[in-house]
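Engineer: fold the following for me, if possible:
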Amino acid sequence: MTPFELELERELNVERQRFDSKWLFIWHNINIEGKIVDVEDFRGGRFHVGGIVFEGQIQELFWQARDRYLQGKVHEIFKRWDSETKSYPTALRLSSLEGTGYCLRRFAATIVRGATQTDKALRGRGNPSSVAEYSRATAPQTRANVEIMQLVEAHQRIIQDSAAQNQPAETSVRTRFEAWFANNKALTWAIGLALAMLIGLIKLFIF
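Structural biologist: As a prediction, this is how the structure comes out:
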């Protein structure tokens, strides 16, 4: 692991705990008389609700907000990765990119798991085993994983294209020359044989 991923793992562990205590836990107020749910909606506003049953529209809003949170966090981390790993050698940067994707997939899984448990507790009013798991609980994680995969692949293409463009001209020519000979071994052998015969004839006539 590179320094970036090591630090990222530590930060994501802290962030998961913060999300649990500052967002998921607050939703339990919805089942407590006289309490309200006052949390971010992750689009610039806040939820401020209370005295209602956790079902229907409010349940959908809960999951939509959690989805926005996860998508925003994924893009935030990749922007940081792009900025903080620019000085890494190409091979190390590609390795760091893969490691960052892995860290984010694990983070997404823990966030979805926590949200699923909270959803069951709220609908079961403290007894999660009394209700079935939300039927679309895995959809946000799937969307997050697809987004992570697409960002990893997009950055891989950018890094590889940049490395190819910055390759010294003589190295590029030599690489193409070697590749041509590797793919045309039979022709190379025939040319070599013809040259050897030609040199032999020249020597015969001269001497």
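
Engineer: could you use CA atoms for every contact and neighbour count after this?
Structural biologist: OK.

Engineer: what phi and what psi does the backbone show at residue 87?
Structural biologist: Main-chain dihedrals, residue 87, degrees, to the nearest 10: phi -80, psi -10.

Engineer: burial measure for it, as a count.
Structural biologist: 10 (other CA atoms under 10 Å).

Engineer: distance check, the residue nearest to residue 107 when sequence neighbours are not counted against residue 110.
Structural biologist: Excluding the flanking residues, the one nearest residue 107 by CA to CA, 6 or more residues apart in numbering is residue 12, at 6.8 Å. Between residue 12 and residue 110 the computed distance is 10 Å (CA to CA, to the nearest Å).

Engineer: comparing these two, which residue is more hemmed in?
Structural biologist: Per other CA under 10 Å, whichever of residue 12 and residue 110 has more neighbours is residue 12, with 18 against 15.

Engineer: mind listing what's buried in the helix or strand hosting the more buried one?
Structural biologist: Taking DSSP states H and E as the definition, one finds residue 12 inside helix 3-19. For helix 3-19, burial by neighbour count (16 or more other CA atoms under 10 Å) applies to 4, 5, 8, 9, 12, 16, 19.

Engineer: list the neighbouring strands of the helix or strand following that helix plus their orientation.
Structural biologist: Counting by DSSP H and E, the next helix or strand C-terminal to helix 3-19 is strand 37-40. Sheet pairing of strand 37-40 (DSSP bridges) gives strand 46-49 (antiparallel).
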